[in-house]
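1. need a structure here:
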Amino acid sequence: MAVAHETAYRFPIRTAARFASLTGIRWDLEQVITYCDRMIERYAGPHLKKTPFDIVGFTTPLDFVDWEALSTAACISYARCFSTGVRESLDRNLLSTADIELKTLHDFVVNVRDKHIAHSVNSFEENLVTVHIGEHFQLSQEIETVAASHTKAVGLSIEVPAKLKRLAQWWLDKVDKEMAVEKAKLLRIARDTPLSELKAHGVPQSSSPTDRTGNVRKPRSSP
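-> Below is the predicted model of the structure:
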């Protein structure tokens with residue numbers, strides 16, 4: 001981050017792409033931790049007192065909408081770190097050095113995002129059609145009811161947020177180490193480039209908290 005007496009100029013060189021991608025990935029991992037902390041604080045914290053009306057495993061009455069929303073946000077933010085797009089992604093193969101619990105959880109969370117949240121393709125969700133036949137019916141013409149029911153898993157299991165937080169922290173450590181290497185590399189390039197050439201890229205365009213599409217924008221900076 002530039003200090004008060006310095007001006008930040010754009011540095012749009014190809015070598016900077018990885019550092020830029022890691023900055024976005026780091027943000028997503030921090031969001032995962034924030035969502036998990038919120039879930040643990042509200043529902044799964046050991047410091048909260050149990051009541052006779054609690055769902056098994058939860059320490060405070062569960063708000064299903066809140067739990068599902070936080071679960072969804074955590075899974076999406078985590079999976080974004082490994083999806084293809086305008087930024088480079090993390091290499092899942094780095095998990096080869098992690099313990100089996102983290103490897104298994106990674107696959108589970110990515111599958112929840114891909115096969116349950118983004119698409120309905122597995123047993124996390126069931127849409128069932130039934131025909132209702134009375135015991136006294138003699139002919140199918142007597143049937144008057146055909147119905148449909150919808151069931152699905154509502155959010156993550158109670159023990160997952162703490163584990164997902166640990167997984168995100170594991171990746172955050174990897175990202176911070178890689179960012180330090182990339183930052184040093186870019187600093188060397190900048191120091192070998194004439195100031196006039198660096199300034200020619202111009203300063204970043206200022207943006208209001210809300211862009212033209214109405215999307216809320218939050219300032220971000222690299223560590």
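2. helices of this protein, start to end?
-> Assigned by DSSP state H, the helices in the chain fall at 17-39, 64-80, 100-112, 160-191, 195-199.
3. ramachandran angles for Val86?
-> Here is the backbone geometry of Val86 (degrees, to the nearest 10): phi -70, psi -20.
4. from Pro12, how far off is it?
-> Taking CB to CB, to the nearest Å as the measure, Val86 and Pro12 are separated by 14 Å. No exception for glycine: its C-beta is placed from N, CA and C like everyone else's.
5. pLDDT (mean, whole number) over stretch 155-171?
-> Model confidence over stretch 155-171, given as mean pLDDT, is 93.
6. what's the answer for stretch 104-120, then?
-> Per-residue pLDDT values over stretch 104-120 give a mean of 81.
7. now swap in stretch 61-78 and tell me
-> Computed over stretch 61-78, the average pLDDT equals 91.
8. now it: buried residues?
-> For stretch 61-78, burial by neighbour count (16 or more other CB atoms under 10 Å) applies to 62, 67-68, 70-78.
9. which residue is nearest the middle of the chain?
-> Most central residue of the chain, judged by C-alpha distance to the mean C-alpha position with CA atoms, centre = their mean, is Ser77 at 1.3 Å.
10. wait, that residue touches Asp28, no?
-> Yes: using CB atoms under 8 Å, Ser77 makes contact with Asp28 at a distance of 4.6 Å.
11. quick one: which of the buried residues of stretch 61-78 is nearest Leu198?
-> Lowest distance from Leu198 to the buried residues of stretch 61-78 (CB to CB) belongs to Ser77, with 33.6 Å.
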